[in-house]
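# got a sequence here, can you build the structure:
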Amino acid sequence: MDGKRNKHRILMVSDFFYPNFGGVESHIYYLSQCLLKLGHKVVIMTHSYGNRTGVRYLTNNLKVYHVPIRPFLMQNILPTFFLTLPITRGILLREKITVIHGHQAFSTLCHESLLHGRTMGYRVIFTDHSLYGFSDPGSIHMNKILQFTLADIDYGICVSHTSKENTVLRSGIPPESVFVVPNAVDTEMFKPGCVGKRGNGEESEVVIVVISRLVYRKGADLLVEVIPQVCRLFPNVRFIIGGDGPKRVRLEEMREKFSLQDRVEMLGAVPHSQVRSVLISGHIFLNSSLTEAFCIAILEAASCGLLTVSTRVGGVPEVLPDDMIVLAEPAPHDMVRAIEQAIDMLPNIDPQTMHNRMKSYYSWHDVAKRTEIVYDRAMELPNKTFMQRLPRYLSCGAWAGKLFCLVMIVNFLLWRLLEFFQPAESIEEVPDMVLKHQHEEQIQD
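Next up is the predicted model:
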């Protein structure tokens, strides 16, 4: 390095992006915005959402390609291996991309774009945002696909050390090729409200906030058992539940069964722009996830000054220090115990102090700089021919390895066919849009 930052041209790829909301979507957006401020070019590729197809621009001219492919299942496109090659190649060439960065192991578009990128000789990075098991049929299938996709990537990124261990075991990628870069939170958006400290009186109301997708993986069934016990033990506790999903019916039934309509408020789906408004109305944030690689929601709650009660699963213990979170086993009796402990801690919690600590702990600019280092290291790796890289897929298994090699050979032949009928030189390149601060830097140089 000569002291001058390398400028990369990055294609972020995932099935999960705005207007859908979630941890992966937020990660891609905030990371892209900070990389733009560092002077890199960032383009996002995702599938269509409703009538949202074609090119859209977000803040700071962040360009988003909504390719005309509709989601098939759980916001994922139908796996085809080869049909996304022409449109992916077109975007890579038009935008003069140098690095492809895929997100989320569940994303079909991510897997296919990484395979196409390696076929064409691009640098590829993969970020895993979730934990997955090893024993059930779904996990076995997903892990084999992940092993195929990651067999020939340059580097991997995980959001926690637990996530790194899980990804290495599932995919067989060397541990030294995986970096840990945590998530972050926008502390300018998530600020404390005027709820302040809770008094010492027993009659002081305590509001517990839950914002989550109401699905099994997020521990919705655990909430059904915990909430009635907490309401019985603490008459001054009230719950606010934001989120929607198939388990919402069970929560509604629980509320009716125990006559808790005045103490359990169901908000339904909460737009991301209104999450802070819900958080600052409470004192404690409750996370009941059964599996979690990191959990951005915990950071958002802590940044708003809420004390967190969470299940001790996945990478959650790595997120906050002990005086900002109370951990419990994913069992009703231990969750109730943790909530009781958190209520006792509330008089000593200062929301503004907690917010200031979060500002020093987590920053998207820091995440972008650490990700930038991964890009730099990927660009320094030696180039290898297709034939030199092909044996990596053979190591994926006696039969699976041969099948994966066949898929890559077919993909390579299709790419060469596209190069013959539509040479790269015939594809018009898109002129870059220079941001104001980048223009000023160029003038200074």
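
# you'd agree Ser310 is in a helix?
No: counting by DSSP: H, G, I helix; E, B strand; the rest coil, Ser310 is not part of a helix but strand.

# who are the contact partners of it?
When contacts are counted by C-beta atoms under 8 Å, 6 or more residues apart in numbering, Ser310 is found next to Leu286, Asn287, Ser288, Ser289, Cys295, Ile298, Val316, Ile325, Val326, Leu327, Ala328. Bear in mind the C-beta positions are built from the backbone N, C-alpha and C, glycine included.

# could I get those as CSV with neighbour count?
Shown next, in CSV, are the contacts of Ser310 (neighbours: other C-beta atoms under 10 Å):
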residue, neighbour count
Leu286, 29
Asn287, 23
Ser288, 24
Ser289, 24
Cys295, 26
Ile298, 23
Val316, 23
Ile325, 22
Val326, 23
Leu327, 18
Ala328, 22
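
# point out the least confident one among those residues.
Least confident by pLDDT among the contacts of Ser310: that is Cys295, with 91.

# that residue and Ala301 touch, don't they?
No: here Cys295 lies out of contact with Ala301, judged by C-beta atoms under 8 Å, at a distance of 9.6 Å.

# and Phe134, what helix or strand is that in?
Secondary structure here is read from DSSP states H and E; on that basis Phe134 sits in neither a helix nor a strand.

# am I right that Asn6 is in contact with Asp376?
Yes: checked against C-beta under 8 Å, the pair Asn6 and Asp376 is within contact range at 5.7 Å.

# count the neighbours of the spatially closest residue to Arg263 that is not a sequence neighbour for me.
Ranked by C-beta to C-beta, 6 or more residues apart in numbering and with sequence neighbours excluded, the top spatial neighbour of Arg263 is Arg238, at 5.0 Å. Residues near Arg238, counting by other C-beta atoms under 10 Å, number 20.

# what about Arg276, how many neighbours?
Applying other C-beta under 10 Å, I find that Arg276 has 19 neighbouring residues.

# is it in a helix, a strand, or coil?
At Arg276, secondary structure determined by three-state DSSP is helix.

# quick check: closest non-adjacent residue to it.
Closest residue to Arg276 apart from its sequence neighbours, by C-beta to C-beta, 6+ apart: Phe190 at 5.4 Å.

# what's the helix or strand for the one you found?
In this assignment (DSSP H and E), Phe190 forms part of neither any helix nor any strand.

# isn't it right up against Glu300?
Yes: in this structure, Phe190 sits in contact with Glu300. The criterion is C-beta under 8 Å, and the distance is 4.9 Å.

# looking at the two, which has the bigger crowd around it?
For Phe190 versus Glu300, the count of surrounding residues by other C-beta under 10 Å is larger for Glu300: 24 against 21.

# so where does that one fall, helix or strand?
helix 296-303.

# ok, residues contacting that helix?
For helix 296-303, the external contacting residues (C-beta under 8 Å, 6+ apart) are 23, 26-27, 183-185, 187, 190-191, 209, 211-212, 275-276, 279, 285, 287, 308, 310, 316, 319-320, 324-325, 354-355, 358-359, 362.

# try it again at 7 Å.
For helix 296-303, the surrounding residues in contact (C-beta atoms under 7 Å, 6 or more residues apart in numbering) are 23, 26, 183, 185, 187, 190, 211-212, 275, 279, 285, 287, 308, 310, 319-320, 324, 354-355, 358, 362.

# any idea how far that helix is from the chain center?
With C-alpha atoms, centre = their mean, to the nearest Å as the basis, the distance from the averaged C-alpha position of helix 296-303 to the chain average is 14 Å.

# show me what contacts the closest residue to Ile227 other than its chain neighbours?
Leaving out its chain neighbours, the residue that sits closest to Ile227 by C-beta to C-beta, 6+ apart is Phe239, at 5.9 Å. If you count contacts by C-beta under 7 Å, 6+ apart, Phe239 has them with Ile208, Val210, Ile227, Arg263, Val264, Glu265.

# re the thing from before, now the contacts of Ser310 as JSON lines including secondary structure?
Formatted as JSON lines, the entries for the contacts of Ser310 read as follows, by three-state DSSP:
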{"residue": "Leu286", "secondary structure": "strand"}
{"residue": "Asn287", "secondary structure": "strand"}
{"residue": "Ser288", "secondary structure": "coil"}
{"residue": "Ser289", "secondary structure": "coil"}
{"residue": "Cys295", "secondary structure": "coil"}
{"residue": "Ile298", "secondary structure": "helix"}
{"residue": "Val316", "secondary structure": "helix"}
{"residue": "Ile325", "secondary structure": "strand"}
{"residue": "Val326", "secondary structure": "strand"}
{"residue": "Leu327", "secondary structure": "strand"}
{"residue": "Ala328", "secondary structure": "strand"}
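
# where does the prediction get shaky in the chain?
Across the chain, the stretches falling below the confidence threshold (pLDDT under 70) are 1-4, 195-203, 434-445.

# doesn't Glu265 fall inside a helix?
No: under the criterion used here (three-state DSSP), Glu265 is strand, not part of a helix.

# what's the helix or strand for the closest residue to it other than its chain neighbours?
Sequence neighbours aside, Ile240 is the residue nearest to Glu265 in space, at 4.9 Å (criterion: C-beta to C-beta, 6+ apart). Using DSSP H and E, the element containing Ile240 is strand 237-242.

# following the chain onward from that strand, which element is next?
As assigned by DSSP H and E, the chain's next helix or strand after strand 237-242 is helix 248-257.

# the stretch 51-200 of the chain: strands as residue ranges?
Taking DSSP state E, counting those that start in this stretch as the criterion, the stretch 51-200 of the chain carries its strands at 54-58, 62-67, 99-103, 123-128, 155-158, 178-180.
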